[in-house]
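>>> Return atomic coordinates for the entry below.
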Amino acid sequence: MKLLSSLSKLAGVVLLLLPQLVFAEGIDSGDTAWILTSTALVLFMSLPGLALFYGGLVRAKNVLSVLMQCFAIACVVTVLWMIYGYSLSFGNGGDMNAWIGGLDNIFLGGVSRISTNGTLPETVFVMFQMTFAIITPALIVGGFAERMKFSSMLMFSVLWSTLVYFPICHWVWGGGWLAQMGLLDYAGGTVVHITAGVAAIVAAMVLGNRKGFPGTPMMPHNMTMTLTGAGMLWVGWFGFNGGSAVAANGDAGMAILVTHISAACGALTWSAIEWVKYGKPSALGIVTGMVAGLGTITPASGFVGPAGALFIGISAGFVCFTCTVFIKRTLKIDDSLDVFPVHGVGGILGTFLAGIFVASGFGGAGLAEGVTMSEQVGVQLIGILATLVWTAVISYGILKLVDKLIGLRVSEEEETEGLDISQHEERGYIL
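Numbering: from 1, shown residues only. The predicted structure follows:
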């Protein structure tokens, strides 16, 4: 009996020590658990968050097509990321490492249960970064909604992810030239929001306006759906920004706090402008302001404090509202769901302001040793300009190539009928 008792106690000690033994090789269980959670939150932003947000904003005859595009992009980019996307984004490119990663991890070769990335299993890091690669081309859908062929959307997304997202991701987060310069982009001001926003407005201009724009009102068909999706985006963004700490620590906590503050300020500012300008605040305005606040704080979220977030959120509401009106009503460019004025302009503004509000005097994390604010702002401007130019030129080339090969736009009859029927032979609603 004594022997059995001793063995039982020994087994209990082993079970208590097992987690420490398993994670002894530099892996932190707390960090791992948080990034696993963040990964789910970021995918939740795309499916169903972004899909419902965008789906409610289009007309009823196109709701299913938008949901389908978001869903299909998630599937296609997952395969690309597994085959070569992760390797090109985060691999070592040797002599070309300043520009693009290598192919050591093609088909996720070398990624196993025991391989690590910092304090995480590499599998967790791969999956977390995959969700960013998914949501970025999905954001672009809002620029050409209601008029691009489904087949063309798929071809564009494959080429765009390969030639735009993967290289710029490597420049900023994979040890490329912008990372070496010291660009501050915590969670995707350049990598996600500027790239998606610029690609969206280029696509809108190349395809041309929807039939009837701007004379015919094209109101959202289901604002309840849009507000539901917006709420999912807000919650999911905590994983987007907080997870970019790649650890469960104070940086993650501050990133979540400033993200929430900026979202609230952006929403309130947009609503206040509408209230003053048009006499009534709208549900569409408050959620658009929220997304502007979220997108603008994204590059700065791990670097600024609450005071900086307050300023960034208010600025986002005002600047993005002004740009939305200018693009739609003055330039008459049909960026259907306002991707560029909200995400593109927000990403530009947030990346710029990160260089200012990172200063400890504003409650930020502090500038790097020996770096002045003017030098940091200069680096931020270089990052903004490089991302903008590369994305615009390559996106334009991809769109022209796809148009040449299979055509970009549905016919006028198909557009009138709606993409749900013409592209998928289904209806979003049976009434």
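>>> Let me see the ranges of the helices in the stretch 301-431 of the chain.
Secondary structure of the stretch 301-431 of the chain, counting by DSSP state H, counting those that start in this stretch: helices at 306-325, 339, 345-357, 373-406, 412-417, 419-424.
>>> Pretty sure Trp81 sits against Phe128.
No - in this structure Trp81 lies outside contact range of Phe128 using CB atoms under 8 Å: 11.2 Å. C-beta here means a position set from N, CA and C on the backbone, and glycine is covered the same way.
>>> Now do the contacts for Ile312.
258, 262, 265, 293, 296-297, 300, 304, 349-350, 353, 357 (CB atoms under 8 Å, 6 or more residues apart in numbering).
>>> The same query, at a cut-off of 6 Å, please.
Contacts for Ile312 were tallied using CB atoms under 6 Å, 6 or more residues apart in numbering; they are 262, 296-297, 353.
>>> Between Trp81 and Phe128, which is the more surrounded one?
Trp81 (25 against 22; other CB atoms under 10 Å).
>>> still on that earlier bit, filter the contacts of Ile312 to the buried ones?
In the contacts of Ile312, burial by neighbour count holds for 262, 296-297, 353, counting by 16 or more other CB atoms under 10 Å.
>>> Arg147: which of the helices of the stretch 301-431 of the chain is closest?
Distance to Arg147, taken as CB to CB, is lowest for helix 412-417 among those, at 5.7 Å.
>>> what about the closest one, distance to the chain center?
Computed by CA atoms, centre = their mean, to the nearest Å, the chain-centroid distance of helix 412-417 equals 31 Å.
>>> what does stretch 279-286 give?
Taking CA atoms, centre = their mean, the mean C-alpha location of stretch 279-286 is offset from the chain mean by 25 Å.
>>> Likewise for stretch 70-79?
Relative to its chain's centre, stretch 70-79 lies at 14 Å (CA atoms, centre = their mean).
>>> ok, of the contacts of Ile312, which one's closest to Glu414?
Thr296 (36.4 Å).
>>> Now, the contacts of Ile312 that are in helices?
Residues of these located in helices (DSSP state H): 262, 296-297, 353.
>>> Any chance of those in TSV with pLDDT and distance to Val377 as columns?
Below are these laid out as TSV (pLDDT from 0 to 100; distance: CB to CB, whole Å):
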residue	pLDDT	distance to Val377
Ser262	98	19
Thr296	98	16
Ile297	98	17
Leu353	98	9
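>>> just those now: which is nearest Thr391?
In terms of CB to CB, no member of these lies closer to Thr391 than Thr296, at 17.9 Å.
>>> got the contact list for that closest one?
Thr296 touches 312, 316, 346, 349-350, counting by CB under 6 Å, 6+ apart.
>>> most surrounded residue in those residues?
Of all those, Gly350 has the most neighbours under the rule other CB under 10 Å, reaching 35 neighbours.
>>> Name the nearest residue to that residue, sequence neighbours excluded.
Leaving out its chain neighbours, the residue that sits closest to Gly350 by CB to CB, 6 or more residues apart in numbering is Thr296, at 3.9 Å.
>>> if I look at the closest residue in space to Leu388 that isn't next to it in sequence, how far off is Pro137?
Distances taken as CB to CB, 6+ apart put Val198 closest to Leu388, at 5.6 Å, once the chain neighbours are dropped. In this view, Val198 and Pro137 are 13 Å apart by CB to CB, to the nearest Å.
>>> Settle it for me: which of the two has more neighbours?
Higher neighbour count among Val198 and Pro137: Val198, with 29 against 26, using other CB under 10 Å.
>>> Give the buried residues for the helix or strand where that one lies.
For Val198, the element it lies in under DSSP states H and E is helix 195-207. Under the neighbour-count criterion of 16+ other CB under 10 Å, helix 195-207 has 195-207 buried.
>>> C-terminal to that helix, which secondary structure element comes first?
Downstream of helix 195-207, the next assigned helix or strand under DSSP H and E is helix 223-242.
>>> helices or strands up against that next one?
Contact analysis of helix 223-242 by 3 or more CB pairs under 6 Å, 6 or more residues apart in numbering; DSSP states H and E lists helix 29-44, helix 51-57, helix 250-278, helix 283-297 as its packing neighbours.
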